[in-house]
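Enquirer: the amino acid sequence is not available; the structure is as follows:
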C-alpha cells in the first residue's frame, strides 16, 4: 500500500496572515541577539506619555543569568507605589531630570507624591546637591542634646533655613500647627519620658522597661518619631530605636533626627513596616494614629505592629487621641481583634484645643503573647 500524504488545506492568504499576526500578538515576545545566543524576553512596554525615566525604571529588566528560582522569573521589576500613575503632573516633574546630573530641588514634590500613595517613590539616576562648607555632625553623645552648627544644614525646601529658626518655632504663635516646640531641646523635650510629669498618661521609659527582664528590650521602632527625643532617651538606656519621619508642617524632621544620631526612616503611616516578622522588641507611637485617619488604617497598623514584634514584645500606644465615646464604640473593638495582652491603660481628657472639642487621650502598653 502506498503511504497516504497529509495535505494542508488551502486557505486564503489574508486569513493565514491574520492568524500569524494574532499568534505573535498573543505570545507578546521579541527576539534579540546577545552574543552568539538567542533569547526570548517579554516585549518592552508600549511608549506612553509618562516621563522616559519612569518608563525605563518600571520596565521589566532581564536577569543576566537567566531564570532565577528565587524570583521565579528571568526578569525583575522595580517597585513603585500604585498611585504614581494617577499623579501625573507631579510625577512628570519628579522624573524629569538630567541623567547623571544634579537632581532638582524638589523635596516638596517628592513628599507630596509619597503622601498621596506614590510610595515607594521610583529611584532616580541623579545626585542630590552638594553643600559648600558642610561640617561633620557632632559626635555621640554630644549630638543627643546639642543644636548642630548651621554649617551642617542640608535642607532647602522648608520654612526654616537654619537651626535657630527651628528652635524658636514655638515663639511664632499661629505659624505652625504641630510639634510647635519639639526642636527646642532645652524646653519641653528635655523632660519627656523621664518621669517628671504628673499626668497619668505620661508613662516613663523606666516604667515601661521595668515590665520586662533587664536587657531584653534591645531594638525597636518609633512610628512618627517627631524630633527624635524618644529614640534618644531609649538610646541612653542602651536600646536602639529607628524612627519613622515625614517632613510635615514645613520642617526638616528627617534631617533633625539624623543630626541627633538617630536613623530616620522616611516612610509614611500608610506604608507596610519594612521589618521582618517577629524581630522587634518594642514599637512606640505618639500622636500619629488618631481619629483623623480611617478606622481600618488604625486596625491595619496594629496588625502590622503585631507582625513585626517578637513574642513578648511591647507596643506602646502613647497619647492616642479620639473624640467622645469613640474609644469604646470604635477603637476598643478594633484593638481586641488584634490579640495583644493589656499591661497598662490610662485615659485622660485632651484640653489643648479646648474642652468643647470633647477630645480624649489613651495611653496604653500592650504585649504580644508569648505563645
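Expert: Nice, thanks for sending it over. If you're wondering where the values come from, they're calculated on a predicted model, not measured in any experiment.

Enquirer: now stretch 228-248: mean pLDDT?
Expert: The average of the pLDDT scores along stretch 228-248 is 96.

Enquirer: and stretch 334-345, by the same measure?
Expert: pLDDT averaged over stretch 334-345 gives 97.

Enquirer: buried ones in that stretch?
Expert: Across stretch 334-345, burial judged by 16 or more other Cβ atoms under 10 Å covers 335, 338, 340, 344. C-beta: built from backbone N, CA, C; applies to glycine.

Enquirer: phi and psi next, for the nearest residue to residue 275 once chain neighbours are set aside.
Expert: Using Cβ to Cβ, 6 or more residues apart in numbering and skipping the chain neighbours, the partner closest in space to residue 275 is residue 308 (4.4 Å). Main-chain dihedrals, residue 308, degrees, to the nearest 10: phi -80, psi -20.

Enquirer: with residue 241 instead?
Expert: Note on residue 241: its backbone torsions stand at phi -120, psi 130 [degrees, to the nearest 10].

Enquirer: quick check: it touching residue 262?
Expert: Yes - using Cβ atoms under 8 Å, residue 241 is in contact with residue 262, at 7.0 Å.

Enquirer: shared neighbours, the two?
Expert: Common contacts of residue 241 and residue 262, defined by Cβ atoms under 8 Å, 6 or more residues apart in numbering, comprise 225, 231, 235.

Enquirer: surely the residue nearest to residue 275 meets residue 220?
Expert: No - in terms of Cβ under 8 Å, residue 308 does not count as a neighbour of residue 220; the distance is 9.5 Å.

Enquirer: neighbour count winner among the two?
Expert: Neighbour comparison, residue 308 and residue 220: the larger count goes to residue 220, with 26 against 21 (by other Cβ atoms under 10 Å).

Enquirer: beta-bridge partners for the closest residue to that one other than its chain neighbours, please?
Expert: Leaving out its chain neighbours, the residue that sits closest to residue 220 by Cβ to Cβ, 6+ apart is residue 282, at 3.6 Å. Under the criterion DSSP bridges, residue 282 forms beta bridges with residue 220, residue 314.

Enquirer: report how many residues lie close to residue 282.
Expert: A count of nearby residues for residue 282, using other Cβ under 10 Å, gives 24.

Enquirer: that one reaches residue 318, doesn't it?
Expert: No - judged on Cβ under 8 Å, residue 282 makes no contact with residue 318 at a distance of 11.6 Å.

Enquirer: what touches both of residue 308 and residue 220?
Expert: Common contacts of residue 308 and residue 220 (Cβ under 8 Å, 6+ apart): 280, 283.

Enquirer: let me see the contact set for the residue nearest to residue 275.
Expert: 221, 273, 275-280, 283.

Enquirer: format those residues as a markdown table; extra columns: neighbour count, distance to residue 325 and pLDDT.
Expert: A markdown table is the format used below for these (neighbours: other Cβ atoms under 10 Å; distance: Cβ to Cβ, whole Å; pLDDT from 0 to 100):
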| residue | neighbour count | distance to residue 325 | pLDDT |
| --- | --- | --- | --- |
| 221 | 24 | 30 | 99 |
| 273 | 17 | 30 | 97 |
| 275 | 19 | 34 | 98 |
| 276 | 9 | 38 | 98 |
| 277 | 10 | 35 | 99 |
| 278 | 13 | 35 | 98 |
| 279 | 14 | 36 | 99 |
| 280 | 25 | 32 | 99 |
| 283 | 26 | 27 | 99 |
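
Enquirer: let me have these in a markdown table, adding distance to residue 147 and secondary structure as columns.
Expert: Listed next are the contacts of residue 308 as a markdown table, based on distance: Cβ to Cβ, whole Å; DSSP: H, G, I helix; E, B strand; the rest coil:
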| residue | distance to residue 147 | secondary structure |
| --- | --- | --- |
| 221 | 26 | strand |
| 273 | 31 | coil |
| 275 | 31 | coil |
| 276 | 36 | coil |
| 277 | 39 | coil |
| 278 | 38 | coil |
| 279 | 34 | coil |
| 280 | 30 | strand |
| 283 | 29 | strand |
